[in-house]
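*Asks:* no sequence on this one, just coordinates:
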């Protein structure tokens, strides 16, 4: 047998409905469910509910009397219960004699000897397993039931005389209920408790409620449609506005602004998207600057290589070791440029691994400083290394050297007119990890310094404090971002202390 499944076309069609109409349909459906429940409880099942309530009320009264049957004030208790519940009560002996009685209803059948036979009732109740319901109409016809009278599975004793078993459909015509139950007092005497309650006709009430519900239904449908439209429009308006702005942002218009109002979540979403738009705008500007900078850095060595190579080819006197060395140096510069771009990409995407090994950090830093001093000696740069002990630790020497080299290059590019750089190595205890010792490397220059508002961004990829391109002695301008990524992988810390016109001190720390 084939199962009926909702077609993908219908599902997609529902998904394409705008949020306004979805909210409208949900609210309209909610009002429809409320109306259906109102009709069911107020009209369809009203008669059953009423009967159930009356039966429970009679049973509760009977239970209270049975519980207090041995009380010396039982007569007062019966009288009080009878008046409070508007129920006539009689307690009969096994022979049908009245032991206790309370008469509060006009036309009560159990107190009318013409309709009620007290003498045979105890025996009839006993035959019905000690509990019996009797329904009477104004003509005195009755129906005897052993089970709960509001149950649909009511059964009757087929041995009862026909006059005690009128058809089930006549039950709704009954307006009096007599509930009889066999109880036992403290002396072991069997007593028959009889309670008479009127079941008022509810047909007139049902008709009244039905007419009222016609008007209520018409009003609720009209009101729910109007209310659903208003609420749907009110809720969907800020979402539609945010959606339209998001579409503009997706086209690359980073100047768009989100103005979500109405409720908290949309306002927070608008703030988040506005922040996203600003950051995307910054990234786009930085990307354009990076392309311009890399293009400049690539063009300069390529021009030199091309010029010297052509000169060596066309002019025999220019074919010498000095020109060849210039070509080699510029080729190395190009290699460094390409490697830096590849490294920052690998580091920030997590596609690079480190190989930590134990090595002498102090010796490694000293070697890098000596090489740089020899390289920059002609230009008058001087790098001093200040340390009072040798430090050995476990790290990836190649990557740590790369990070340190980038800091040195940065200091050379931006130091002051005295062209002096100081590198300091020191050790300290971290308050958060008292058992471990840490080493701190500081690279200080005497340059113009960095404005306070720029300090939080200098470690970001593509960011440059000086927007005018300045060709580095070596490197790409991606150095600080590379330093950040390498130290993050090693679990180290990094930072900068800088003020305008007072130079900068870049530092990083590693656990020994």
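*Replies:* Looks like it came in fine. All figures in this text were calculated on a predicted structure; none of them were measured in a lab.

*Asks:* for the rest of this, base every contact and every neighbour count on C-alpha atoms.
*Replies:* Noted.

*Asks:* quickly list the domain ranges of this protein.
*Replies:* The chain breaks down into these domains under automatic domain parsing: 68-201, 252-351, 353-511.

*Asks:* by mean pLDDT, show me the worst of those domains.
*Replies:* Mean pLDDT is lowest for domain 68-201 among the domains of the chain, at a mean of 74.

*Asks:* need the domains of the chain in JSON lines (columns: mean neighbour count and distance to residue 22).
*Replies:* Shown next, in JSON lines, are the domains of the chain (neighbours: other C-alpha atoms under 10 Å; distance: least, C-alpha to C-alpha, whole Å):
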{"stretch": "domain 68-201", "mean neighbour count": "17", "distance to residue 22": "41"}
{"stretch": "domain 252-351", "mean neighbour count": "15", "distance to residue 22": "18"}
{"stretch": "domain 353-511", "mean neighbour count": "17", "distance to residue 22": "44"}
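
*Asks:* what about residue 366, which SS state?
*Replies:* helix (DSSP: H, G, I helix; E, B strand; the rest coil).

*Asks:* isn't it up against residue 384?
*Replies:* No. Because the distance of 9.6 Å does not satisfy C-alpha atoms under 8 Å, residue 366 is recorded as not touching residue 384.

*Asks:* wait, which of the domains of the chain is closest to residue 51?
*Replies:* Evaluated with C-alpha to C-alpha, the domains of the chain place domain 68-201 nearest to residue 51, the distance being 6.5 Å.

*Asks:* could you check how far stretch 210-217 is from the centre of its chain?
*Replies:* Centroid separation between stretch 210-217 and its chain, computed with C-alpha atoms, centre = their mean, to the nearest Å, is 41 Å.

*Asks:* quick one: mean pLDDT over that stretch.
*Replies:* Mean predicted lDDT for stretch 210-217 stands at 79.

*Asks:* which helices and strands sit right next to the one helix or strand residue 99 maps to?
*Replies:* Using DSSP states H and E, residue 99 maps to strand 98-102. Applying 3 or more C-alpha pairs under 8 Å, 6 or more residues apart in numbering; DSSP states H and E, one finds that strand 98-102 contacts helix 74-85, strand 88-92.

*Asks:* returning to that earlier point: now tabulate the domains of the chain in JSON lines and tack on distance to residue 237.
*Replies:* Listed next are these as JSON lines, based on distance: least, C-alpha to C-alpha, whole Å:
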{"stretch": "domain 68-201", "distance to residue 237": "53"}
{"stretch": "domain 252-351", "distance to residue 237": "9"}
{"stretch": "domain 353-511", "distance to residue 237": "37"}
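
*Asks:* go through the helices and strands packed on strand 98-102 and name the closest to residue 63.
*Replies:* For residue 63, the closest of those is helix 74-85, at 11.2 Å, according to C-alpha to C-alpha.

*Asks:* now the helices and strands packed on strand 98-102 as a markdown table including distance to residue 46?
*Replies:* Shown next, in a markdown table, are the helices and strands packed on strand 98-102 (distance: least, C-alpha to C-alpha, whole Å):
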| stretch | distance to residue 46 |
| --- | --- |
| helix 74-85 | 21 |
| strand 88-92 | 25 |
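
*Asks:* out of those, nearest to residue 401?
*Replies:* Among the helices and strands packed on strand 98-102, the nearest to residue 401 by C-alpha to C-alpha is helix 74-85 (96.3 Å).

*Asks:* residues contacting that closest one, please?
*Replies:* With contacts defined as C-alpha atoms under 8 Å, 6 or more residues apart in numbering, helix 74-85 is touched by 57, 61, 65, 68, 87-89, 100-104.

*Asks:* tell me where this protein has strands.
*Replies:* With strands called from DSSP state E, the chain shows them at 88-92, 98-102, 131-136, 142-145, 176-184, 190-198, 357-360, 382-386, 392-395, 420-430, 433-445, 493-498, 504-511.
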